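Q: can you look at this prediction? I've put the sequence above it.
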Amino acid sequence: MSNIKQQVQEAVSFIEQQIGFRPEIGLILGSGLGIIANLIEEATAIPYHTIPHFPVSTVEGHAGELVAGHIGGKPVVMMKGRFHLYEGYTATYVTFPVRVLKALGVNQLIVTNAAGGVNAEFEVGDLMLITDHINNMGTNPLIGPNDKELGDRFPDMSEAYSKSLIQLAREVAVSKDYTLREGVYMGNLGPTYETPAEVRFARVIGADAVGMSTVPEVIAARHADMEVLGISCITNKAAGILEQPLSHEEVMEAAEQVKPKFLQLVLGIIGEL
């Protein structure tokens, strides 16, 4: 962890020189959902590969750059593209950017993802507020020695997703006449989509949506005492529900269709923070 702390500081120093201000709100944008970055005022875009110690996105739909600026006068920084365990990165490396966001000044983090709908009532294009998650990835970003300056050895996860931010999102949705789903997100390792049997298992243990991201980042964020709001875009029915194959192209197409609604919701939330 001490080595991570030094690497975080080197990354932060580089980013601070580029952006010249202290962001308060952070966003991590999932597959096909990077459109929000296009609306940042006075934006500075920094490719991941230029930031010291930063991983690099290798997945279609993840642009691979850090974008900083202002939205409605609020100082924000967002990751346009994230990292996944299935890319071969360790959980510590996947969550390295979360540590960087915290050190930059971010205390409120909005995480988004594309997810498969396990709840049979969910439809493609629905937006789901994440109320809780299930870590089915077989690892945890906090494994190893703990640095007390970064967070507690045994962080509480009883409110992984901020109840106050969830309520704020509900209020914004009502003001825009949007219907939001709410549920539990189950993080799986990937990169294969779930089998029908795995989807049935997920449903039995209480999951409403499944995906291959988010959980490590949220754990690291809570370890760093950040408030988290999670939003899933339901881009497909999970395996076995419609008896048809799944594809990344389908995920990207669905994300494209829901962009206007997703955009207005997140912008509304940022405006109220």
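A: In hand now; what should we look at? Predicted, not measured: the structure shown is a model, and the values here were computed from it.

Q: give me the neighbour count for residue 271.
A: Using other C-beta atoms under 10 Å, residue 271 has 12 neighbouring residues. Every C-beta, even on glycine, is put in place using the N, C-alpha and C of the backbone.

Q: state the distance from it to residue 10.
A: 33 Å (C-beta to C-beta, to the nearest Å).

Q: could you check how many residues crowd around residue 158?
A: Residue 158 has 6 nearby residues by other C-beta under 10 Å.

Q: quick check, it in a strand?
A: No - counting by DSSP: H, G, I helix; E, B strand; the rest coil, residue 158 is not part of a strand but coil.

Q: for residue 28, see how far away it is.
A: Taking C-beta to C-beta, one finds residue 158 at 22 Å from residue 28.

Q: and what of residue 100?
A: As judged by C-beta to C-beta, residue 100 and residue 28 stand 11 Å apart.

Q: check residue 167 too.
A: Taking C-beta to C-beta as the measure, residue 167 falls 21 Å from residue 28.

Q: between these two, which has more neighbouring residues?
A: For the pair residue 167 and residue 28, the greater number of neighbours falls to residue 28 (26 against 11), based on other C-beta under 10 Å.

Q: that one touches residue 217, doesn't it?
A: Yes - contact status for residue 28 versus residue 217: in contact at 6.0 Å, counting by C-beta atoms under 8 Å.

Q: quick one: common contacting residues for those two?
A: The contact sets of residue 28 and residue 217 overlap at 82, 98, 109, 111 (C-beta atoms under 8 Å, 6 or more residues apart in numbering).

Q: could you dump those residues to JSON lines with distance to residue 70?
A: Below are those laid out as JSON lines (distance: C-beta to C-beta, whole Å):
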{"residue": "82", "distance to residue 70": "22"}
{"residue": "98", "distance to residue 70": "21"}
{"residue": "109", "distance to residue 70": "17"}
{"residue": "111", "distance to residue 70": "20"}
